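Chemist: pasting the sequence and the predicted coordinates here, then a few questions.
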Number of protein chains: 2
Amino acid sequence: VSVEPTARTVDDAAEGLVLVPGGAGFVGSHLCDRLVERGCHVLALDDLSTGDAEHVAHLARHPRFRLVVRDLATGLPDEARVARRIYNLACPASPAHYQRRPVQTTLTSVLGAWHLLEHAQSVGARLLQASTSEVYGDPEVHPQRESYWGHVNPIGERSCYDEGKRCAEALCFAYRREREVAIRVARIFNTYGPRLTPGDGRVVSNFVVQALRGDPLTVYGEGRQTRSFCYVDDTVEGLLRLMDSAHEGPFNIGNPREHTVLELAELVLRLTGSRSRLEHRPLPADDPRRRRPDIVAARAALGWEPRVALEDGLQRTIEWFRATLGLPSPRTVVLPAVAAITAA
Amino acid sequence: VSVEPTARTVDDAAEGLVLVPGGAGFVGSHLCDRLVERGCHVLALDDLSTGDAEHVAHLARHPRFRLVVRDLATGLPDEARVARRIYNLACPASPAHYQRRPVQTTLTSVLGAWHLLEHAQSVGARLLQASTSEVYGDPEVHPQRESYWGHVNPIGERSCYDEGKRCAEALCFAYRREREVAIRVARIFNTYGPRLTPGDGRVVSNFVVQALRGDPLTVYGEGRQTRSFCYVDDTVEGLLRLMDSAHEGPFNIGNPREHTVLELAELVLRLTGSRSRLEHRPLPADDPRRRRPDIVAARAALGWEPRVALEDGLQRTIEWFRATLGLPSPRTVVLPAVAAITAA
């Protein structure tokens, strides 16, 4: 896959270029798909540290898409200077990734937002900052509203990510207050779907990969802790609506429906037809705790809410992992209706 | 006062240069005094946005001191490259100042810390980061221990400062964890003394200036809210001890003794011999709330605690403001002992 700028002409100026830092990442690449479908000219930036050029390989020859390999913390390439809309999704987002490179994680968040805000100010662009449920840290209230200030350890193992993201939000609001930059802030909760990275340590990718390989599914603790999972198409739809809206946020973008880890494990086993057993391990000290978005604000202001049921989203995710891992097609599996698990 | 580098030779390399970003500020300039007294070679950096070259004018001809006017967010000047110890005090610190320039405040905090950490990593220098009680935000526990995670609004009016400082702490710990940079983190609480800026909106400078001018003392609310005030010499002593210690912190550096705003007003009136009356105004929505340091950790690890009683420190502060404002010498004032107010 060629990921460098090619000789083809892209008339960015015509419609205005949409810049997507982190565009070869998990959420970013799905966003690029939607933007290209919509007829936008898209310039994805990615340093490929956790993103993957394969995620946008199918767009490589598209006349309205380009991927430039670039570390956002070092600034913007010249070809980004005409961008009028920016979706900033550049940052490692799984603990396994960001704890390996904490310095770069914070710098990508803050220097990245800074470069983009300077650009937005100079050309009058609109910046959507992809923030995160991690700004709430280890929350003391459930579900979390946008007005909740969060509970974050400023010097803990996760602070490189959490504080970097909080600071990027603060910087966005500083540019808005002092310099009238148009900002949009989305706090993205747990998202899953095709193009998750096997081995990123998240529960959906862990379970699906383990189930497909016939390995035991690792369940921390008793598995009664809850998680909420938003299918990536729903997340992307929320970002698009926020960008188009007159509201700056912050808005929670996530699925408020909770499932226990055990429910997820059983659903994955059923959908994959796997005979893997569950293997319980002790809860790690910093195991992500319960987090559930309150999406009342996004529903009211953006008319947005998740539409994809967990069973459907998981099915698509499993298909993708199966293909990616080069595993054989599914055996015929009897899928009884599981009303309790399928989203309404 | 010449504030630019002069032709005189400073053999920085001999003893190792001490770098003090923010060295022309309130706390920074007192720190420079102490470092020069100790025999150190000191290079102060300051963009003079809230600092004042007058604060170090008495050091201008000292052979071991230099002030370079520089915005730390833009990087380090060449002459700083040999510094082996760094006290980073560069950042506007009063709400009146930082809310006027929120973008620059966040950038000074985060980009400043970043440049210094990169330098510290490259030459093996030790960085003391001056953090702040503002990392605790509007605390829900009293007094605050270093293990308290804080309660900060990530997008509020104060977030440019609070989140910038939290992120700088996180960045320090990221460099320590990933790259073994030697860091020291001090969380400085309310400090007062000579060289406070009249009109910076802090209660000590407000009251002293109002009393000396015979203007009414502005008391917000009933004045029963409490504050704790650390004399600047005590604060500087805490920073010096932390830098010399084997502990990285964070440590609270502040005075745990609480006084009501009314007590402070009455003490200022008595010490100045002023006949100003009190003028009560409604509490502003974001009035700094009660904050009091728990200094058990600093006491145990650094053998440090504040030594200057409020009455003594205020007396020196009043003398300084009197001289600075060009006001006449004090009339003779009867000063009865006030055991309840004087610190033990």
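Modeler: That came in fine, so what should we check first? Numbers count the residues shown, from 1 in each chain, chains lettered A, B, ... in the order given.

Chemist: in the stretch 201-344 of chain A, where is pLDDT below threshold?
Modeler: A:285-289, A:329-344 (pLDDT under 70).

Chemist: can you give me the helices in it?
Modeler: In the stretch 201-344 of chain A, the segments counted as helices under DSSP state H, counting those that start in this stretch are A:203-213, A:232-244, A:261-272, A:296-302, A:310-324.

Chemist: how about those in TSV, adding mean neighbour count and distance to B:R227?
Modeler: To be clear about C-beta, it is placed using only N, CA and C from the backbone, and glycine gets the same treatment. Formatted as TSV, the helices of the stretch 201-344 of chain A follow (neighbours: other C-beta atoms under 10 Å in any protein chain shown; distance: least, C-beta to C-beta, whole Å):
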stretch	mean neighbour count	distance to B:R227
helix A:203-213	22	47
helix A:232-244	21	41
helix A:261-272	20	47
helix A:296-302	17	36
helix A:310-324	18	52
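
Chemist: would you mind listing what in the stretch 201-344 of chain A touches chain B?
Modeler: When proximity is defined by C-beta under 8 Å from any C-beta of the partner chain, the stretch 201-344 of chain A lies next to chain B at A:P250.

Chemist: just want the residue of the stretch 201-344 of chain A that's nearest chain B.
Modeler: With C-beta to the nearest C-beta, the shortest gap between the stretch 201-344 of chain A and chain B falls at A:P250, namely 6.7 Å.

Chemist: I figured A:R299 hits A:E305, correct?
Modeler: Yes - with contacts counted by C-beta atoms under 8 Å, A:R299 reaches A:E305, the gap being 5.3 Å.

Chemist: contacts only, for A:H30.
Modeler: Neighbour list for A:H30: A:193, A:195, A:232-233, A:235-236 [criterion: C-beta atoms under 8 Å, 6 or more residues apart in numbering or on different chains].

Chemist: please redo it, this time with the cut-off set to 10 Å
Modeler: Taking C-beta atoms under 10 Å, 6 or more residues apart in numbering or on different chains, we find A:H30 in contact with A:23, A:55-56, A:89, A:191, A:193-195, A:231-233, A:235-237, A:239.

Chemist: and the strands in the stretch 151-300 of chain A?
Modeler: For the stretch 151-300 of chain A, strands defined by DSSP state E, counting those that start in this stretch occupy the ranges A:182-188, A:191-192, A:217-220, A:226-228, A:230-231, A:251-253, A:258-260, A:278-281.

Chemist: from these, which stretch is densest packed?
Modeler: strand A:251-253 (a mean of 28; mean count of other C-beta atoms under 10 Å in any protein chain shown).

Chemist: how far does that one sit from the chain's center?
Modeler: Here the centre of strand A:251-253 is set off from its chain's centre by 12 Å, with C-alpha atoms, centre = their mean, to the nearest Å.

Chemist: so what does that strand touch, helix or strand wise?
Modeler: Counting contacts by 3 or more C-beta pairs under 10 Å, 6 or more residues apart in numbering or on different chains; DSSP states H and E, strand A:251-253 packs against strand A:126-132, strand A:182-188, helix A:232-244, helix A:296-302.

Chemist: and these as CSV, adding distance to B:H41?
Modeler: Formatted as CSV, the helices and strands packed on strand A:251-253 follow (distance: least, C-beta to C-beta, whole Å):
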stretch, distance to B:H41
strand A:126-132, 43
strand A:182-188, 45
helix A:232-244, 53
helix A:296-302, 55
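
Chemist: neighbours of A:V123, how many?
Modeler: Counted with other C-beta atoms under 10 Å in any protein chain shown, residues neighbouring A:V123 total 11.

Chemist: give me the common contacts of A:R299 and A:E305.
Modeler: Common neighbours of A:R299 and A:E305 (C-beta under 10 Å, 6+ apart) are A:P256.

Chemist: make sure A:Y87 is indeed in a helix.
Modeler: No - under DSSP: H, G, I helix; E, B strand; the rest coil, A:Y87 sits outside any helix and is assigned strand.

Chemist: could you give the angle of the helix or strand where A:E118 lies to strand A:182-188?
Modeler: Following DSSP states H and E, one finds A:E118 within helix A:102-123. Orientation of helix A:102-123 against strand A:182-188 (axes from the mean of the first three to the mean of the last three C-alpha atoms, to 10 degrees) gives an angle of 150 degrees.

Chemist: how far off centre is helix A:102-123?
Modeler: For helix A:102-123, the distance to the chain centre is 18 Å (C-alpha atoms, centre = their mean).

Chemist: likewise stretch A:106-125?
Modeler: Using C-alpha atoms, centre = their mean, the offset of stretch A:106-125 from its chain centre is 19 Å.

Chemist: equivalent analysis for stretch A:84-102, please.
Modeler: The answer for stretch A:84-102 is 9 Å, by C-alpha atoms, centre = their mean.

Chemist: how about it, does it reach chain B?
Modeler: Yes - against chain B, stretch A:84-102 shows contacts by C-beta under 10 Å from any C-beta of the partner chain at A:98-102.

Chemist: hmm, which of these are the buried ones?
Modeler: The neighbour-count criterion (16 or more other C-beta atoms under 10 Å in any protein chain shown) marks A:98-99, A:101-102 among the residues of stretch A:84-102 next to chain B as buried.
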